[in-house]
Every structure is written in structure tokens, then in C-alpha cells.
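Undergrad: No letters, just coordinates:
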């Protein structure tokens, strides 16, 4: 009990120091500093485990509490399926107590999503995906997730793109049939990590979502990856908007927080807000700076980019 009280007091003190008017340069001095620290953002940004370890320590639960004191209201955890059921539930309970949300976790076992899998049409990969989807349903119940990330894997260079696309759609229909009764949405993420990946473009993912034709199959529009693969961010978001179920963030080059690269995130965030987006934006990126100073710079970057109202 004493440790929890100490942590709570410590987070409040850190919040007051980090986001004090002098530090942020955007608030009047007559407002309580702790109120400024706890002020939620205009959009719902989800941090990752480790982003605030220099202020809150290595314990993810303590980081969640610290992030809440900084105004963040969601988390992401790609590796949630690899955590123990007890930890999954503890994370879910903590989020519920704080009024926070769980963002995406990745549906995978043995990292099959980095291999040549669903595009092949082979039953062994469909079976594995279905098994992992059933496991994901139970994980989501424990941690309170509503979205899960699905990556179809690499190109099968023995088949045409048309046959591969049909194979992927067929596999994802099977996945949607498992997830839909539980209100879970798989979000398909086009990636830029390497040219072997099957799913790379927003229009390609849009076509697949239309083919699957399920409320449990939507686009994960990762702004970093889409800037690298196709650019024209706002126009392409508009074209695919009715199938976008989730957004992620990262500046380019470097894949760090907003303001560290070429993307005008304040303008992009304003556009997303004006379109009425109420979902989560995952902070799937690194931190440009080091230690506590880097974490402070991260928070300030989000406050700056979020100041579009």
C-alpha cells in the first residue's frame, strides 16, 4: 500500500514538473500544474511498453499509471499474446481502473506473419491462423482489446498476384468468422519493412477488406509505413477511410516521434480529428532522445502536434 501511494505521489510530481507551463510553453501560469499534466490529448494516443521506463521503471503497470498522469489514455502491446494470462488480466484490470483503452496486439505464434504464409493458400497456414485467432479471442477478453493486428506474410513468387490476393481473402474470411461473434476487429497492416511482404499499399488493403466484406476486417493505416511506400497521406486516407479501423504513428525518416522527421503531423492529426475519428492512434515508433530527457521530448512532441484545435 505504501509503495502504491509513493508511486501515485511520484507520478503526480513528475507530471507537474514535466508539463508545467514553463516546460511546455503553451499554458498560462494561473492553472494548476497537475491539472495540466492530466489533461487528455485531443486524439487518443497509445504508448508502448518501455517508452516511459526512465520515469516509471521497467514495470509495465507502473508505466501505464505514469502515462495516464501525462494525459495518455491508451496502450498498445504487439507481444500481448506472449505474456502470461495473469499479466494479460492485470493489464486489462489496470486499464479499466484508469478509464484507459487497450489498442492492438499482433495475432501470431512463432512469427509466421514474417514468412510466406497466407498468400500460398496452403491449409497448414490457414489452420495456424485460425488457431491463433481463437487464442487471440481469449487474450482479448483478459486485456480488454477490441482490435488485433494481422499481417498476411510474404509474397509467394510461384503464383500471380491475383491468385495470392484470392488466397489471402479466403484465409481472412475464415479469421473474420472466428473474431466477428466476439466483436473483435482484425486490422490489416500494409508494411514497408522489406519488399518481400505481400501487403504494402493502402489501395491493396482496401481491395482485400472489400473482398472479405466483414466488420471484423479493416485497415490498420500506419502513417510511417504509408509515407515510405506511397506518400500522399491525407488523400489516400480519404480514399480508404470507410475501411480504416485503426491508425499508427511514426515519423520518417527514423521512425521516431512526431516532429523528428518530414511528416507534418499537426496537419495530419487535425485532418483525422476533423473526419470524426474516435479510435486509437498507436505510437509504434522509437524515441529520438535518450533517458528521461528523451521521454520528456516525446511528450512535448505529442503536445505540440496535438495542438491543432
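TA: Nice, thanks for sending it over. Just so you know, these numbers come straight off a predicted model, no measurement behind them.

Undergrad: How far off centre is the lengthiest helix in the chain?
TA: The helix of greatest length in the chain, counted in residues with DSSP state H as the criterion, is given as helix 123-143. Relative to its chain's centre, helix 123-143 lies at 19 Å (C-alpha atoms, centre = their mean, to the nearest Å).

Undergrad: residues making contact with it?
TA: Residues external to helix 123-143 that are found in contact with it (C-beta atoms under 8 Å, 6 or more residues apart in numbering): 77, 80-81, 85, 88-89, 91-92, 95, 102, 105, 107-109, 112, 117-118, 145-146, 148, 150, 153, 170-171, 174-175, 178-179, 182, 184, 186. Every C-beta, even on glycine, is put in place using the N, C-alpha and C of the backbone.

Undergrad: Sketch out the low-pLDDT regions of the stretch 1-150 of the chain for me.
TA: 1-38 (pLDDT under 70).

Undergrad: run the last query once more with 90
TA: The stretch 1-150 of the chain contains residues with pLDDT under 90 at 1-38, 109-114.

Undergrad: Quick one: the helices in it, in order.
TA: 2-18, 21-24, 33-38, 53-56, 60-69, 85-98, 123-143 (DSSP state H, counting those that start in this stretch).

Undergrad: which secondary structure elements does the helix or strand harbouring residue 220 contact?
TA: When secondary structure is defined using DSSP states H and E, the element that contains residue 220 is strand 217-222. Contact partners of strand 217-222 among helices and strands, from 3 or more C-beta pairs under 8 Å, 6 or more residues apart in numbering; DSSP states H and E: helix 161-179, strand 185-188, helix 202-212, helix 233-240, strand 244-248.

Undergrad: Find the nearest non-adjacent residue to residue 250, please.
TA: Distances taken as C-beta to C-beta, 6 or more residues apart in numbering place residue 224 nearest to residue 250, at 3.1 Å, with adjacent residues excluded.

Undergrad: now do residue 54
TA: Of all residues beyond its chain neighbours, the one nearest residue 54 is residue 292 (4.6 Å), with distances taken as C-beta to C-beta, 6+ apart.

Undergrad: got a list of contacts for the strand or helix carrying the residue nearest to residue 250?
TA: Under the assignment given by DSSP H and E, the secondary-structure element containing residue 224 is helix 223-229. Contacts with helix 223-229, where a contact means C-beta under 8 Å, 6+ apart, come from 189-193, 200-202, 233, 236, 247-252, 255, 262-263, 265, 268, 284-285.

Undergrad: With stretch 93-103 instead?
TA: Counting by C-beta under 8 Å, 6+ apart, residues outside stretch 93-103 touching it are 44, 46, 61, 64-65, 68, 72-77, 91-92, 143-147, 246, 280, 282.
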